[in-house]
Every structure is written in C-alpha cells, then in structure tokens.
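Asks: coords below, sequence missing:
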Ligand SMILES: Nc1nc2c(ncn2[C@@H]2O[C@H](COP(=O)(O)OP(=O)(O)OP(=O)(O)O)[C@@H](O)[C@H]2O)c(=O)[nH]1
C-alpha cells in the first residue's frame, strides 16, 4: 500500500510508545532513531524525539514520545493501589498513533496493556478520536523465558483490530523500523477514513438541505400547451 504525501508538505505523524517499565520501549525507539542498541538507558521522564524516515518511498516526520509509566496513588480512585499509569492523558490526546509494547517474558506487562488501551480510549473520548495502534511483543530473542505466547499476542491484536509484531531490539534493526512504519500506515489509514466520513456527512447534509429547500420553497407554475384550454 502506498502512502500519498500531501503536495503542500511532508507527512507528519505523532507516535506515543506505551508500555510497562522495563519492557524495552526505549531500546525499540532508540533502535529506530539511531539503528543502535545501547542496552542501558536511564530516563525518569518522558523523552521526545523528532525524526525523518522513509515509509513506502515517502519522507515522514515522526514525533515520538517514549513514555514513562507513573505509579497511581492508592487514593486516586482509578483502581490504583500502586498500579502503573502507562500513559498520561496529555500524551493520549496528543498522539496520532500508539505503539503498545509488552515483553514476551513478562505476562503482567501484557495484562497491563489492556488497562493502558482503556486509559487512552477514555482520554480521547472527548474528541471522539480513534486510536490507531500496533501491538509489539518485545525481547523476542529471549524465547526460553517466554510467558506470553504468539497466539495470545495475535488474539489481543485481533480484538484491537491492529497488527501484532514480535521484536528483538537487542538483536536487529529491521523489526524496530517495521514497527514505526506500521503505526505510520495505521495513522494514514485512519486519516483517510476520517476524511471519507467527513465527506459523506457533508454530502448527506447538502442533499438533505437541497430536498428541504425543494419541499418548502416557492413553487412556480409554468403554463404549458395542454393548459391552453384553461380560461
Ligand atoms: N534481551 C533483550 N533485552 C532487551 C531488549 N530490549 C530491551 N532490553 C533490555 O531491557 C531493559 C529495559 O529496557 P528499556 O528500553 O530501558 O525499557 P523501558 O520500557 O524503556 O523501561 P522504562 O524506561 O523503565 O519504562 C534494558 O536492560 C535493556 O537492555 C531486547 O530486545 N532483548
């Protein structure tokens, strides 16, 4: 599938990388940005990056937030009790697309993503926005420690109507790049659907305005040949 570039400028895509602590969000992001794997990253806050990359032959400007899970206070009323809030509502509202990451070696990180997806949905409800995404099973080189099967990953992706990818950022570059290309395509597809439904609504309202006008407007009587017998 080809992504068309707007004639007026470059395609811009804002992506939030979401997942529990230690699943490999930074490793995945840095692999995409620099092609390098550093191993240990020390960041306590969200990190933001801007990066240009080719997707299907077009240059795309990615803005990426590598998110940082926060502990929810037990009194927060959000089912907190020390649970992680994986995505702030600001980030959820800001992003065009989401990369949801768990580690295949950590079942809890997989379960937490359901909560994260829900948090994102709630934060975007006001704007009635869809949340295009991809689901990523990270650390796929650690097969002998696997706690989440490929089937479970694929099953969740089917529920979310998105693609599922397993990635070993520690081992190679290509699959990390493929994740960001995939989320870009999801965002582009959502934008096309949004545009189409806006056009459909505009046509529908123009059509109903026209038929209302033809029902209520003044009527003109044109006297025809067959009327010649009338006085
Ligand atoms: N074996 C293996 N280890 C990885 C992989 N990706 C990340 N790691 C390791 O997992 C640990 C956590 O990686 P990070 O990228 O910092 O994880 P994170 O999700 O950004 O963590 P937080 O910043 O705490 O939210 C580090 O020791 C990484 O070296 C991978 O693909 N394979």
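Replies: The structure has been received and is ready for your questions. Worth saying up front: this structure is predicted, and the values here are computed from it rather than measured.
Asks: helices or strands next to the helix or strand hosting residue 64 in the packing?
Replies: Residue 64 is part of strand 58-66 when elements are defined by DSSP states H and E. Judged by 3 or more Cβ pairs under 8 Å, 6 or more residues apart in numbering; DSSP states H and E, strand 58-66 is in contact with strand 11-19, helix 25-34, strand 47-55, helix 174-216. For the C-beta atoms, the positions are set from N, CA and C on the backbone; glycine is no exception.
Asks: Between these, which has the poorest mean confidence score?
Replies: Least confident of the helices and strands packed on strand 58-66, judged by mean pLDDT, is helix 174-216 with a mean of 81.
Asks: Quick check: which of the helices and strands packed on strand 58-66 is nearest to the ligand?
Replies: helix 25-34 (3.4 Å; Cβ to the nearest ligand atom).
Asks: list the buried ones in that closest one?
Replies: 25, 26, 27, 28, 29, 30, 31, 32, 33 (16 or more other Cβ atoms under 10 Å).
Asks: circling back: show me which positions of the strand holding residue 64 end up buried.
Replies: Buried residues in strand 58-66 (16+ other Cβ under 10 Å): 58, 60, 62, 63, 64, 65, 66.
Asks: Out of the buried residues of helix 25-34, flag the one nearest to residue 85.
Replies: residue 25 (14.6 Å; Cβ to Cβ).
Asks: which ones are touching that closest one?
Replies: With contact taken as Cβ atoms under 8 Å, 6 or more residues apart in numbering, residue 25 is in contact with 17, 18, 19, 66, 67, 101, 138.
Asks: do that again at 7 Å, thanks
Replies: Residue 25 makes contact with 17, 19, 66, 101, according to Cβ atoms under 7 Å, 6 or more residues apart in numbering.
Asks: what's around the second one, how many residues?
Replies: Which is residue 19. 28 (other Cβ atoms under 10 Å).
Asks: Next: the first one.
Replies: The burial count assigned to residue 17 is 29, neighbours taken as other Cβ under 10 Å.
Asks: Okay, and the beta partners of it?
Replies: residue 66, residue 99 (DSSP bridges).
Asks: Correct me if wrong: it contacts residue 67.
Replies: Yes. Taking contacts as Cβ atoms under 7 Å, residue 17 lies within contact range of residue 67: 6.1 Å.
Asks: Could you list the residues of the protein in contact with the ligand?
Replies: Neighbours of the ligand within the chain, by Cβ under 6 Å from any ligand atom: 19, 21-27, 39-41, 43, 68-69, 138-139, 141-142, 168-170.
Asks: and those residues, which are buried?
Replies: Buried among the residues of the chain next to the ligand (16+ other Cβ under 10 Å): 19, 23-27, 68-69, 138-139, 141, 168-170.
Asks: which two from those end up farthest apart in space?
Replies: It's 68 and 141 that sit farthest apart of these, by Cβ to Cβ, at 24.1 Å.
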